[in-house]
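Enquirer: Need the 3D shape of this:
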Amino acid sequence: MSSTYTTSPAVQDLISHAEELLNIEIVIHREAEAPQYGLLIDTYSFDVNKNVIVYSNSQLGLLKDYIIAQNCVKLLMRGASHKLKNYRTLSYDSHSAAKGMYQIYLDTLKDDKTRVLDIGQKKKLMYYLFMLFHESLIDLPWAILGNLYLTKECPVLHNAQAYFLIKESMRDMHELVAFKDMLPRRYFVMHNAMYYARDMFLADITAEIKLNPLINIPELQKFRNLDVKEMMSHRWSQSYWYHTKLVGDAMSNIVRMAVSIDFSKELSLDFYADMYALGVDITNRWLVMMRMQDWYRWELPEHLRTAEQNCVQIEQEATQAVFGI
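Expert: Okay, here's the model as predicted:
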């Protein structure tokens, strides 16, 4: 490990384990502009020759260690899958983007609040939502698995993990609130439901009751003790947050059904590659549930890098395909 910063023995052991198993060196770097959940720049996903984990200046002590450890587990999953020739990323091209954007456009016409938007706003909304879900789906399933791993293998990080997740939950589930009236309701609901599912699953796994969204999220607290008859009333049937709960419960059940990890096994390449495959399985199940299975494609990392470089062209071509121009 290359770093001038001290970490706890548990995190040092995890980093040493990753370096030995993957035959790499990991560079730990502190950066003022780093996102709160850190940044992983790895040789398996990017055209670089170093594996770097970046954390923010504002994170200290065990919170910093948690961010490093979470990204280290993600590196282990990616590296093991790459070494076993199974590493694929969720990517897209103009053809798949057109399918997603066309469905989003139809949904803006169906929704009372968004059908009145002008055509320019609808066009911007199509690509924004398409990319928003891609951004969430390429990370969230493996973040869930990484947190499960740390709960089992690094209990010393439990308090920092709980603090970070509770804080991030509030941020994630309010990301779209400010302009929810400009989105078709189903997309606000599905986006929040993914994070609801994460929190419900991890609240059980970590035994951290405050992480439960019915406790942590003010808008969802009202549904905690409602009976079925009350929930089915007209008042609640029109609530974005009520639908978030319904969809989130279903997505959380999908995670529970998909995840089966035996931590008594040797922590080998096969173990981490299987973990990565579980993330793919969760993603595929969620995509089917959200009717987005044709929006994205599993490809080699090079395909996604090319798509990100050509994002302007992809947006233009997909928009033209939607409107037949």
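
Enquirer: Which of the three states applies to the residue nearest to Ser136 when sequence neighbours are not counted?
Expert: Of all residues beyond its chain neighbours, the one nearest Ser136 is Met194 (5.9 Å), with distances taken as Cβ to Cβ, 6 or more residues apart in numbering. For the C-beta atoms, the positions are set from N, CA and C on the backbone; glycine is no exception. The three-state label given to Met194 by DSSP: H, G, I helix; E, B strand; the rest coil is helix.

Enquirer: shaky segments in the stretch 101-250 of the chain?
Expert: Scanning the stretch 101-250 of the chain for pLDDT under 70 picks out 226-237.

Enquirer: all helices for it, in order.
Expert: Per DSSP state H, counting those that start in this stretch, the stretch 101-250 of the chain carries helices over the ranges 119-137, 140-153, 158-172, 185-206, 213-216, 218-221, 228-231, 234-237, 240-258.

Enquirer: Dump those helices into JSON lines; add mean neighbour count and distance to Ala318 as well.
Expert: Converted to JSON lines, those look like this (neighbours: other Cβ atoms under 10 Å; distance: least, Cβ to Cβ, whole Å):
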{"stretch": "helix 119-137", "mean neighbour count": "17", "distance to Ala318": "7"}
{"stretch": "helix 140-153", "mean neighbour count": "21", "distance to Ala318": "23"}
{"stretch": "helix 158-172", "mean neighbour count": "18", "distance to Ala318": "27"}
{"stretch": "helix 185-206", "mean neighbour count": "23", "distance to Ala318": "17"}
{"stretch": "helix 213-216", "mean neighbour count": "20", "distance to Ala318": "33"}
{"stretch": "helix 218-221", "mean neighbour count": "16", "distance to Ala318": "33"}
{"stretch": "helix 228-231", "mean neighbour count": "10", "distance to Ala318": "38"}
{"stretch": "helix 234-237", "mean neighbour count": "10", "distance to Ala318": "34"}
{"stretch": "helix 240-258", "mean neighbour count": "19", "distance to Ala318": "26"}
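
Enquirer: which residues make contact with the host helix or strand of Val27 from outside it?
Expert: Element membership for Val27 (DSSP states H and E) is strand 26-31. Residues from elsewhere that reach strand 26-31 (Cβ atoms under 8 Å, 6 or more residues apart in numbering): 1-3, 5, 7, 15, 18-19, 39, 50-57, 68, 72, 75.

Enquirer: that older thread, so for Gln320, which of the helices of the stretch 101-250 of the chain sits nearest?
Expert: helix 119-137 (10.6 Å; Cβ to Cβ).

Enquirer: circling back to that earlier point, and the gap between the residue nearest to Ser136 and Leu132?
Expert: Applying Cβ to Cβ, to the nearest Å, the value for Met194 to Leu132 is 11 Å.

Enquirer: rewinding a little: drop anything exposed from the contacts of strand 26-31.
Expert: Burial by neighbour count, 16 or more other Cβ atoms under 10 Å: within these this picks out 1, 7, 15, 18-19, 39, 51-56, 68, 72, 75.

Enquirer: Most widely separated two among these?
Expert: Most distant of the buried ones among the contacts of strand 26-31, by Cβ to Cβ, are Glu19 and Ser56, 23.0 Å apart.

Enquirer: who touches the residue nearest to Ser136 in this structure?
Expert: By Cβ under 8 Å, 6+ apart, Met194 lies in contact with Ser136, Leu137, Leu140, Gly248, Met251, Trp286.

Enquirer: Could you find which two of these are furthest from each other?
Expert: Taking Cβ to Cβ, the two most distant members of the contacts of Met194 are Leu137 and Gly248; they sit 15.3 Å apart.

Enquirer: contacting residues for the residue nearest to Glu208 when sequence neighbours are not counted?
Expert: The spatially closest residue to Glu208, leaving aside those adjacent along the chain, is Ala162, at 4.4 Å (Cβ to Cβ, 6+ apart). Residues in contact with Ala162 (Cβ under 8 Å, 6+ apart) are Thr206, Glu208, Lys210, Leu211.

Enquirer: And Ser169, by the same measure?
Expert: Tyr195, Arg198, Asp199, Leu211, Pro213, Asn216, Ile217 are the contacts of Ser169 under Cβ under 8 Å, 6+ apart.
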